[in-house]
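Student: Sequence isn't available, so here's the structure alone:
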């Protein structure tokens, strides 16, 4: 079994500099070979016999890609376990499995949570595994920077990029046409439409208390980064004017009962509301196209996609919601085979086509952006070439957005606070204030420096 031990020096280095931004990852100097885990020390060698890998993923239809791999690779078989999305339970289950030394060989982890899992020493550095270092050029630049730590990856490669989540507005074009409305250009127009739809007995959208990373995408659009680096210290900026603008806007919609607050994301109740025309828009990521398609089948041909409403008319800003990686988890006995599969899954044209068709993923691989499906009309969306909208959105995502190293905690604070908003106990503005304070405490508990 490959050893995954890590020295205290390596951990101190990680704690002092772990940072994920879309433009750069801070370097951590020093560190010899025996301060890295086994795969990074040049011991990432193929096994001598047949291998079976366990993989946890929530991508719809991913079994079809696994079947293709297993057919072509009889000596490296993959067993996939379908799990809830990360913050809906999988991250906690992964953490528990790591503590019990029963983690899968591979796991799906979103970009914003990579730092949290590395802080827990839950990931394997695959930089020395065959083909990994050379794979960087196969992915959109900012996604590869997300999986490297340290300048130019000097501190390792900790995952393989899978997809991104540029956001746009899914809306019921048939309902909009009936009410003589067009896709809103601004958030002010969106609020006006919400009032008009309410008179028709419909909600413009739902506000979920269980999707804190969705709300983060809304903040992202307004350039409301939640964390900043100040030398070797962290500054928590969850509660800032740009964030308050977003929070106050949605608080008004909640207070005026213009959005459904009793529907949770990815729930049967929400899908029913889509099918019955009770809820007629969803601000979501590119991968959301398959969520609607697969769960609101009676609305086939009635949806369309438009850019996110803007805070200022004429802007072209977009948020990003999600986007995942394939990680090789700490403790795997087969890092070489796990890395080989992760690279194949996220670069092979046939695999990428399956992940897009079945799971709605917007690929992180450069080759994936050339998929014919991304240039074709989509029947479910009235023949619209919807991925043209997401390509535009991707170009409008602020690449300076910074993740904190304890995002799973920050998301928990946001989610818990939002539940109280729905219950009328506080406001979204107060949630931002509380989340900022709690996030700072979380950083301090991890021995990270926090500055005001």
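Tutor: Structure's in. What do you need? Please read all numbers here as calculations on a predicted model, not as lab measurements.

Student: Give me the spatial nearest neighbour of the residue sitting nearest the centre point of the chain, chain neighbours excluded.
Tutor: Most central in the chain under C-alpha atoms, centre = their mean is residue 322, positioned 1.7 Å from the mean C-alpha point. Nearest in space to residue 322, with sequence neighbours left out and distances taken as C-beta to C-beta, 6 or more residues apart in numbering, is residue 165 at 3.9 Å. For the C-beta atoms, the positions are set from N, CA and C on the backbone; glycine is no exception.

Student: Looks like that neighbour contacts residue 320 (just checking).
Tutor: Yes: contact status for residue 165 versus residue 320: in contact at 5.1 Å, counting by C-beta atoms under 8 Å.

Student: got any residues that touch both of these two?
Tutor: Common neighbours of residue 165 and residue 320 (criterion: C-beta atoms under 8 Å, 6 or more residues apart in numbering): 217, 285.

Student: Would you map the helices across the stretch 201-350 of the chain?
Tutor: Secondary structure of the stretch 201-350 of the chain, counting by DSSP state H, counting those that start in this stretch: helices at 212-221, 241-255, 268-275, 288-295, 335-347, 349-359.

Student: I'd like the ones you listed laid out as JSON lines, including mean pLDDT.
Tutor: Listed next are the helices of the stretch 201-350 of the chain as JSON lines, based on pLDDT from 0 to 100:
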{"stretch": "helix 212-221", "mean pLDDT": "96"}
{"stretch": "helix 241-255", "mean pLDDT": "98"}
{"stretch": "helix 268-275", "mean pLDDT": "98"}
{"stretch": "helix 288-295", "mean pLDDT": "94"}
{"stretch": "helix 335-347", "mean pLDDT": "98"}
{"stretch": "helix 349-359", "mean pLDDT": "94"}
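
Student: Report the beta-bridge partners for the residue lying closest to residue 159 once chain neighbours are set aside.
Tutor: Leaving out its chain neighbours, the residue that sits closest to residue 159 by C-beta to C-beta, 6+ apart is residue 325, at 3.6 Å. Applying DSSP bridges to residue 325 gives these bridge partners: residue 109, residue 161.

Student: Just give me the neighbour total for residue 325.
Tutor: 24 (other C-beta atoms under 10 Å).

Student: And the one 4 residues further on, by the same measure?
Tutor: Using other C-beta under 10 Å, the number of residues around residue 329 comes to 24.

Student: before we move on, what about residue 209?
Tutor: 21.

Student: what separates stretch 418-437 from the chain centre, distance-wise?
Tutor: Centre-to-centre, stretch 418-437 and its host chain are 23 Å apart (C-alpha atoms, centre = their mean, to the nearest Å).

Student: Next: stretch 381-401.
Tutor: With C-alpha atoms, centre = their mean as the basis, stretch 381-401 stands 16 Å off its chain's centre.

Student: for residue 162, what are its contacts?
Tutor: Residue 162 neighbours (C-beta under 8 Å, 6+ apart): 108, 323, 324, 325, 326, 345, 346, 355, 361, 363, 364.

Student: what about the fourth one, distance to residue 108?
Tutor: Spelled out, it's residue 325. The gap separating residue 325 from residue 108 is 7 Å, by C-beta to C-beta, to the nearest Å.

Student: Let me see the contact set for the residue nearest to the centre of the chain.
Tutor: By C-beta under 8 Å, 6+ apart, the neighbours of residue 322 are 110, 163, 165, 213, 285, 287.

Student: Residue 89 too?
Tutor: residue 83.

Student: Quick check, pLDDT for residue 19.
Tutor: At residue 19, the model reports a pLDDT of 43.

Student: wait, I meant residue 146
Tutor: 86.

Student: Who are the contact partners of the closest residue to it other than its chain neighbours?
Tutor: Of all residues beyond its chain neighbours, the one nearest residue 146 is residue 111 (4.6 Å), with distances taken as C-beta to C-beta, 6+ apart. Taking C-beta under 8 Å, 6+ apart as the contact definition, residue 111 lies against 20, 143, 146, 147, 161, 323, 324, 325, 403.

Student: does residue 261 really touch residue 207, like I thought?
Tutor: Yes: under the criterion of C-beta under 8 Å, residue 261 makes contact with residue 207 at 5.4 Å.

Student: list the residues that contact both of those two?
Tutor: Shared contacts of residue 261 and residue 207 (C-beta under 8 Å, 6+ apart): 254, 422.

Student: Neighbour count for these two, which is higher?
Tutor: Neighbours per residue (other C-beta under 10 Å) separate residue 261 from residue 207, with residue 207 holding more: 24 against 17.

Student: Would you mind measuring from that one to residue 241?
Tutor: 21 Å.

Student: Can you tell me which helix or strand of the protein has the lowest average pLDDT?
Tutor: helix 8-17 (a mean of 37; mean pLDDT, DSSP states H and E).

Student: Identify, by residue count, the longest helix of the chain.
Tutor: helix 428-445 (DSSP state H).

Student: what number of residues lie near residue 210?
Tutor: Based on other C-beta under 10 Å, the number of other residues close to residue 210 is 15.

Student: thought it was touching residue 414?
Tutor: No: assessed by C-beta under 8 Å, residue 210 is found out of contact with residue 414, at 10.3 Å.

Student: show me what contacts the nearest residue to residue 421 once chain neighbours are set aside?
Tutor: Nearest non-adjacent residue to residue 421, counting by C-beta to C-beta, 6+ apart: residue 428, 5.6 Å away. Contacts for residue 428 were tallied using C-beta under 8 Å, 6+ apart; they are 247, 248, 250, 251, 254, 417, 418, 421.

Student: which residues of this protein score low on pLDDT?
Tutor: 1-42, 150-154 (pLDDT under 70).

Student: Residue 118 is in contact with residue 149, correct?
Tutor: Yes: using C-beta under 8 Å, residue 149 is in contact with residue 118, at 7.0 Å.

Student: Understood, closing this out.
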